[in-house]
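Peer 1: quick one: sequence and predicted model below, then my questions.
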Amino acid sequence: MKASYLSLITFTFLFITSCASPLPVSKLQSTGETEVHWNNGIEILTQNMDSLTIEAGFIRNEGSNYTFDISVTNFGNSPVLVDPAEIYYLPIRIDDDTLNLVRAVNPEHKILEEEKAISQLNADEKNKLAGGVLIGSLELAGEIASVGSNNESEEDDYSALDGISVDLAEIDRQRSYATDQRSYWETQTLRKTTLFPRHFVQGQVIMRWSPEAEFILLRIPVGGLEFSFPFRQMIHPVY
């Protein structure tokens, strides 16, 4: 009893001291150097170069990532390749000290990661189900062999089956999350696209957050050109 009491005190202490503090909220806004318009509360920066028009808007800072909405329109006569993996930004401080550049997350890599996770979870589910069938078969065989007697292993069998049910529920939860993530990267993000004349493509771009930066210089290479979008970062503490 004394050991259990001490364990409870230790757990409570660790829980209290390990409470997470809220991250500050980051907002990016235009520095005024680029043409700007607003759409549903989002500040959209626009640049035109040759026959291409690119619009970039900051949506949110969530967790450890920035989310941008980017659209590319091709008004020219030749197709151009739009590849989000080529997009990056330079985090800059007031003293002009440029930090290491940050590249956008590649959607194709994320989709592959989620597909691998789903495949592994499907295999885990089959193995758990096979284990449950085996335990059920052994339990049935034990009941037949011990008719009229008390089988002390029944409780262990039921406990094992309960454990498998819990594991299967967790597998289903993880697979549902992985499926949702795959759907997001497939349908909501800017994907690698050959953009033909008089067509446009639009989607979200995810990039790692740089809380130490005071300015963000977003750069989008398309068609041999590089479009730059300067943002000022405003950090808002939660309290």
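Peer 2: Happy to help now that I have it.

Peer 1: wasn't residue 67 part of a strand?
Peer 2: Yes: under DSSP: H, G, I helix; E, B strand; the rest coil, residue 67 sits within a strand.

Peer 1: that one against residue 59, yeah?
Peer 2: Yes: with contact defined as C-beta atoms under 8 Å, residue 67 reaches residue 59; the gap is 4.4 Å. For every residue, glycine as well, the C-beta is placed using N, CA and C.

Peer 1: quick one, which of the two is more surrounded?
Peer 2: Using other C-beta atoms under 10 Å as the criterion, residue 67 and residue 59 rank with residue 67 on top: 17 against 14.

Peer 1: so who does the more buried one touch?
Peer 2: Shown in contact with residue 67 (C-beta atoms under 8 Å, 6 or more residues apart in numbering): 58, 59, 60, 61, 204, 205, 206.

Peer 1: next one: residue 71
Peer 2: 54, 55, 200, 201, 202.

Peer 1: over to residue 175?
Peer 2: By C-beta under 8 Å, 6+ apart, residue 175 lies in contact with 118, 121, 122, 125.

Peer 1: can I assume it sits in a helix?
Peer 2: Yes: assignment of residue 175 by three-state DSSP places it within a helix.

Peer 1: any stretches of this structure with poor pLDDT?
Peer 2: Residue ranges of the chain with pLDDT under 70: 1-18, 96-98, 131-163.

Peer 1: per the record, what domains does it have?
Peer 2: Using automatic domain parsing, the domains assigned to the chain come out as 22-106+189-236, 110-186.
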